[in-house]
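Chemist: Sequence first, then the predicted structure:
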Amino acid sequence: MKALAYEKAHPLEAFALELVDVDEPQLQRNDLLIDVRAVGVNPGEATIRQMRSAPPGGRVILGWEFAGVVAGTGPATEGFAVGDRVIGTGDVTRDGCWAERVAVDHRVVARIPDQLSFADAASLPIGGLTAWEALFRDQSGLPAGVENVLVVGGAGGVGSLATQLLKSTTSALVVSTASRPESREWCTAMGADLVVDHTADVAGQLRTAGVDRIDLVLSTRGTAANISWIADVLRPFGHVATTDLTGATDIEPLIQKSISLHTEMVFSRLVADQGQIFAELASRVRPIVTTELHGLTVDSMREAHRIAESGRAIGKTVITEP
């Protein structure tokens, strides 16, 4: 089968993905074999491409957000049949979905509602799961006492779906951050009650709008650089959930207010109910496709990575196959 693969980690300027012939995926007991019809492309995958090389003689196939059709089932799978339209993620220790077919554990897969296209469905899994786990970590809802939530980077994939989840499943006041007119408009369309500019005085903007406290901040970008003002707007014993905290970070401002810190990474464990979460997402949120590219080719993937690395992406970039 055909797949987009590379050997050595590389920057966008030296884009080295190639469309190559690879062996068909080998099904494990719990696996489904999926004919891939659409993939979502995420900033995290662009980061992995820059950092992860294959072992000598090997190749890397990225991609952990797909929509497609079940083409085969392992002996221990349940609830799926050949021909089902599905969405899912995968496992970063195995080959990803930038290929004609991918093998994935059936527990990280859900059926696609009839009203969703493959492209729309592929915009939901990674961002939706990240938002869900960051906000509702123990699946019982928001932490006790959380009434006002601030989403930093509200126009991105995670921020867009987090805002929708908060508005559809909780009574929280949702504040999003955005710095450009088009991203502010998008945040409002996602359901944000208030949009503030994260490049200006966030605390001052909140006071002007009559928001006297924030209980939880979901930060999807620039967290390390923003720790001081995040701590400033949060109440004592408030909460920070972050998707991008890497390297050494001074969290002293959080300690001074006894703020809890939750780092989120969707592949930290295989959660048996991920498929159920995807089903909930598909029924509760609207798709967030803003760029649809056609054909799993080197050119389309290069363009998707350019958008992902621009820092100005709104919504989700999806690549569809015929």
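Modeler: Received the coordinates, thanks.

Chemist: packing partners for the worst-scoring helix or strand of the chain on mean pLDDT?
Modeler: Taking mean pLDDT, DSSP states H and E as the measure, the helices and strands of the chain show their lowest mean at helix 274-284, namely a mean of 86. Where contact means 3 or more CB pairs under 8 Å, 6 or more residues apart in numbering; DSSP states H and E, helix 274-284 is packed against strand 85-88, strand 109-111, helix 125-135, helix 157-169. Heads up, the C-betas are built off the backbone N, CA and C, glycines and all.

Chemist: what about the stretch 201-322 of the chain, any weak spots by pLDDT?
Modeler: For the stretch 201-322 of the chain, residues meeting the criterion pLDDT under 70 lie at 269-272.

Chemist: At which residues are the strands of it located?
Modeler: Ranges of strands within the stretch 201-322 of the chain are 214-219, 234-242, 260-263, 289-294, 316-320, based on DSSP state E, counting those that start in this stretch.

Chemist: Nearest to residue 29, out of those strands?
Modeler: strand 316-320 (30.1 Å; CB to CB).

Chemist: Pull the residues that contact the closest one.
Modeler: 37-41, 118-119, 122-123, 127, 157, 160, 287-296, 300-301, 304, 307-308 (CB atoms under 8 Å, 6 or more residues apart in numbering).

Chemist: Now that we have those, which of them are buried?
Modeler: 37-41, 118-119, 122-123, 127, 157, 160, 287-290, 292-293, 296, 300-301, 304, 307-308 (16 or more other CB atoms under 10 Å).

Chemist: quick revisit: export the helices and strands packed on helix 274-284 as TSV, with columns for mean pLDDT and distance to residue 266.
Modeler: Output for the helices and strands packed on helix 274-284, formatted as TSV (pLDDT from 0 to 100; distance: least, CB to CB, whole Å):
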stretch	mean pLDDT	distance to residue 266
strand 85-88	96	12
strand 109-111	94	14
helix 125-135	94	5
helix 157-169	96	10
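
Chemist: Make a markdown table from the ones you listed and add distance to residue 62 to it.
Modeler: Shown next, in a markdown table, are these (distance: least, CB to CB, whole Å):
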| stretch | distance to residue 62 |
| --- | --- |
| strand 85-88 | 15 |
| strand 109-111 | 19 |
| helix 125-135 | 12 |
| helix 157-169 | 16 |
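
Chemist: Looking at these, spot the one closest to residue 202.
Modeler: helix 157-169 (14.9 Å).

Chemist: what does that closest one contact?
Modeler: Contacts of helix 157-169 (CB under 8 Å, 6+ apart): 40, 42, 123-124, 126-128, 130-132, 134-136, 141, 149, 151-154, 172, 174, 176, 186-187, 190-192, 218, 220, 243, 281, 284-286, 288, 313, 315-316.

Chemist: can you dump the C-alpha coordinates of it into CSV?
Modeler: Extracted as CSV, the C-alpha positions of helix 157-169 are listed here (Å, rounded to 0.1, in the frame of the first residue of the first chain):
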residue,chain,number,x,y,z
GLY,A,157,-8.4,23.0,17.2
VAL,A,158,-8.3,22.2,20.9
GLY,A,159,-9.7,25.6,21.9
SER,A,160,-12.5,25.5,19.4
LEU,A,161,-13.7,22.1,20.6
ALA,A,162,-13.1,23.0,24.3
THR,A,163,-15.4,26.0,24.0
GLN,A,164,-18.1,23.9,22.3
LEU,A,165,-17.9,21.2,25.0
LEU,A,166,-18.1,23.7,27.8
LYS,A,167,-21.2,25.3,26.3
SER,A,168,-22.9,22.0,25.5
THR,A,169,-22.2,20.1,28.7
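
Chemist: Can you give me the neighbour number for the closest residue to residue 291 other than its chain neighbours?
Modeler: Spatial nearest neighbour of residue 291, chain neighbours left out: residue 317 (4.4 Å); criterion: CB to CB, 6 or more residues apart in numbering. Using other CB atoms under 10 Å, residue 317 has 25 neighbouring residues.
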